[in-house]
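S.K.: Give me a 3D structure for the following:
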Amino acid sequence: MPQHHGTAPRLFRQGLPAEARLVVLVVLALALLLGDAQWHVMEPLRRAVSVVLYPFQRVVLLPRDVVQQVNEWFNAANLVRTENEALQRQRIELAQVATHAAQLAAENSQLRRLLGVTDTLSQQAVVVEVLYEPPNSFNQRLVFNKGSRQGLAPGMPVIDEGGVVGQIVRVTPMTAEAALVTDEQVSIPVQLLRNGLRLIAFGGNSPGNMEVRYLSANADIKEGDTLVTSGVGGLFPAGLPVAKVKSVERDTASGFARALCEPLAHPERYRHFLVLQVDVSRAESNRKEAEPSEPDTAD
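M.R.: Reported below is the predicted structural model:
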């Protein structure tokens, strides 16, 4: 093979050493860095590379995005449920507040009416509140929150703005039990407001009613008449409304009549009542003096 003078053989031909190539590359990198910092010469290339890499970035970040979306959905659902529970609780609380305010307004109105009643009475009175109603279908009773420590005693009348509610039958130092006028153990001396006829009103056999018994068949009593306390006996002050006559049953064969009456007080509607502090011991002594004494028998 012919040889050319002045050139090395191909076998022994060598390029730049590795150190020189490294230096060239470092200088080129520094030049690119300085040029990009000053004139942003690499910005088009950077944009092109970012466009090419974007789909791969989205694929790589897809699991993370799915987890974030699921967490956000659960968080939103929990937030909505919590807000709904808070709104429901707020609605219930507002309804309770409104109901309590209406109840307080009604009780205040009743108390003002009771105070108006006390202005027309000569007796001292104690305001009592219902603790509970004993579950007894035969006796109609109420238990109040005051007792003998506040000066209450058996026999004292209980009233509201409508009239006579009942009578205290049992007391403890802290509570008092009252029998309503419809209780079969209660009897009240009354008189007709229309003509002054004196009668005795008893708790009725039918629930919620009173009765006037042992009337003569021709007694001047009729439907619509109002019964008020007569003051006889000293326990119930005269003039307190008691009941209104609903019907009169006359039995000409026996010569007697019976009147069915509806109480004017409404203890089922209210919680506060007045107990009139009458002199129970004096009324009891007057009753005993009025009873006929037994004749003495000689030995």
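
S.K.: If you count contacts, what does the longest strand anywhere in the chain end up packed against?
M.R.: If you go by DSSP state E, the chain has its longest strand at strand 241-251. Where contact means 3 or more Cβ pairs under 8 Å, 6 or more residues apart in numbering; DSSP states H and E, strand 241-251 is packed against strand 163-171, strand 187-192, strand 210-216, strand 226-229, strand 256-263. In short, each C-beta sits where N, CA and C put it, glycine included.

S.K.: Can you lay out these as TSV showing distance to K246 and mean neighbour count?
M.R.: Output for the helices and strands packed on strand 241-251, formatted as TSV (distance: least, Cβ to Cβ, whole Å; neighbours: other Cβ atoms under 10 Å):
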stretch	distance to K246	mean neighbour count
strand 163-171	15	22
strand 187-192	14	22
strand 210-216	9	19
strand 226-229	11	22
strand 256-263	5	20
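
S.K.: For those, give me JSON lines that also has mean pLDDT and distance to V24.
M.R.: Shown next, in JSON lines, are the helices and strands packed on strand 241-251 (pLDDT from 0 to 100; distance: least, Cβ to Cβ, whole Å):
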{"stretch": "strand 163-171", "mean pLDDT": "93", "distance to V24": "115"}
{"stretch": "strand 187-192", "mean pLDDT": "92", "distance to V24": "126"}
{"stretch": "strand 210-216", "mean pLDDT": "88", "distance to V24": "124"}
{"stretch": "strand 226-229", "mean pLDDT": "92", "distance to V24": "126"}
{"stretch": "strand 256-263", "mean pLDDT": "91", "distance to V24": "119"}
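
S.K.: Pipe those strands into a markdown table and attach distance to V26 per row.
M.R.: Shown next, in a markdown table, are these (distance: least, Cβ to Cβ, whole Å):
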| stretch | distance to V26 |
| --- | --- |
| strand 163-171 | 110 |
| strand 187-192 | 120 |
| strand 210-216 | 118 |
| strand 226-229 | 121 |
| strand 256-263 | 113 |
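
S.K.: which residues of the chain score low on pLDDT?
M.R.: Applying pLDDT under 70 to the chain flags the ranges 1-15, 36, 38-42, 92-93, 95-96, 99-107, 109-122, 137-139, 283-299.
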